[in-house]
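Student: what's the 3D shape of this:
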Amino acid sequence: MTRLKIKMDGRWHTVEVGRWEGDTVQVLVDQEPVTVNLNAIDIPDAPVADAPVQAETPTPGGGQNPVNSPLPGMVLSIEVSVGQRVAAGEKLCVLEAMKMEQAILAPTAGVIRAIHVQKGQSLLIGEPIMELE
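Tutor: Coordinates of the predicted model:
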């Protein structure tokens, strides 16, 4: 199942895309099951960019794990440095979004291999913040 964060009518929703059956697809919107009839969707003529997707689980195999922005915002602080060992759940940085602070936590234990942002930088959903190894 593919998990996305989508903004609809001014609110963020978690959407999980499931089983395709002909012209319909089964999805969960905020844990509520919905059947979408693809023939009934009004698709605009202009191309629409795919929404960025953030992996919610790290990649297996000991490689580098990206930490991506889960929401649009501005970097208020960076709490770690390259080469630093962090524990799962440790605060990596703080973003400000809609006048609220959001701590970004380490998804797993590891070592900070790269930091791609700086204090004051604006981010979109899915933009890389740093990498863990």
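
Student: biggest strand in this protein, by residue count?
Tutor: The residue-count maximum for a strand in the chain (DSSP state E) belongs to strand 11-21.

Student: now the next helix or strand after it: buried residues?
Tutor: Moving toward the C-terminus from strand 11-21, the next helix or strand (DSSP states H and E) is strand 24-29. Within strand 24-29, the residues that count as buried by 16 or more other CB atoms under 10 Å are V27, L28. From N, CA and C alone the C-beta is placed, and that goes for glycine too.

Student: what's the following helix or strand after strand 24-29?
Tutor: That would be, after strand 24-29 and using DSSP H and E, strand 32-37.

Student: just the buried residues of the helix or strand following that following strand, please?
Tutor: Next helix or strand after strand 32-37 toward the C-terminus (DSSP H and E): strand 65-68. Residues of strand 65-68 classed as buried under the neighbour-count rule (16+ other CB under 10 Å) are N65, P66, V67, N68.

Student: of those, which is the nearest to W12?
Tutor: For the buried residues of strand 65-68, the residue nearest W12 by CB to CB is N68; the value is 15.2 Å.

Student: pull out the buried residues from the longest strand of the chain.
Tutor: Under the neighbour-count criterion of 16+ other CB under 10 Å, strand 11-21 has V15 buried.

Student: I appreciate the help and will end here.
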